[in-house]
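Peer 1: the sequence and its predicted three-dimensional model are supplied below.
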Amino acid sequence: MTQIFFYHNAANRIGAAVTLIGKAFAQKKALLVYAPDAELAAALDRQLWGHPPTGFVPHVTADSPLAGETPVLIASKLESLPHDERLFNLSSEIPPGFSRFTSLIEVVGRNDEERADGRRRARFYTDRGYDVRYVDCAGRS
């Protein structure tokens, strides 16, 4: 069953996601970021180019010819993807087909809308029997 982790109370949602993605990449974990909003996906892409400051997290969009050989994919759709290990959800909705992934990482910011959407998604997962773990990002850099 998919393991679900909620990183909540993030002062900067994209920044927190980039930090978590960098840690997963350092552990040689393939991952997919579900970001159906084009503006959000572009912001994530920009931040991944500069984080960490002395390194680089290889990433492409899921429709890139290099998707099969790149460890971090940014996707607006979740069909026909090369791996199903880790899924980062940057959507306000439940990602379609999330249960095929080994783990799902939700990153929730501090604004009221993000918190309400996060609570709704957490309730959805727990109502279906998933073990949801929570990590408070307050005080983390």
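Peer 2: In hand now; what should we look at?
Peer 1: can you show me the helices along this structure?
Peer 2: 13-26, 38-49, 112-127 (DSSP state H).
Peer 1: of all those helices, which one is nearest Gln3?
Peer 2: Gln3 lies closest, by CB to CB, to one member of those: helix 112-127, at 10.5 Å. For every residue, glycine as well, the C-beta is placed using N, CA and C.
Peer 1: same question for that closest one, mean pLDDT?
Peer 2: Helix 112-127 comes out with an average pLDDT of 97.
Peer 1: rewinding a little: of the helices of the chain, flag the one that's most buried.
Peer 2: Highest mean neighbour count among the helices of the chain (mean count of other CB atoms under 10 Å): helix 13-26, with a mean of 20.
Peer 1: how much does it deviate in direction from helix 112-127?
Peer 2: 50 degrees (axes from the mean of the first three to the mean of the last three CA atoms, to 10 degrees).
Peer 1: can you pull the alpha-carbon coordinates of helix 13-26 into CSV?
Peer 2: Only the C-alpha atoms of helix 13-26 are listed here, as CSV (Å, rounded to 0.1, in the frame of the first residue of the first chain):
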residue,chain,number,x,y,z
ARG,A,13,5.7,25.5,-0.5
ILE,A,14,7.8,25.4,-3.7
GLY,A,15,11.0,25.9,-1.6
ALA,A,16,10.1,23.0,0.7
ALA,A,17,9.3,20.8,-2.3
VAL,A,18,12.6,21.6,-3.9
THR,A,19,14.5,20.8,-0.6
LEU,A,20,12.6,17.4,-0.4
ILE,A,21,13.3,16.7,-4.0
GLY,A,22,17.0,17.4,-3.6
LYS,A,23,17.1,15.0,-0.6
ALA,A,24,15.4,12.3,-2.6
PHE,A,25,17.7,12.8,-5.5
ALA,A,26,20.8,12.6,-3.2
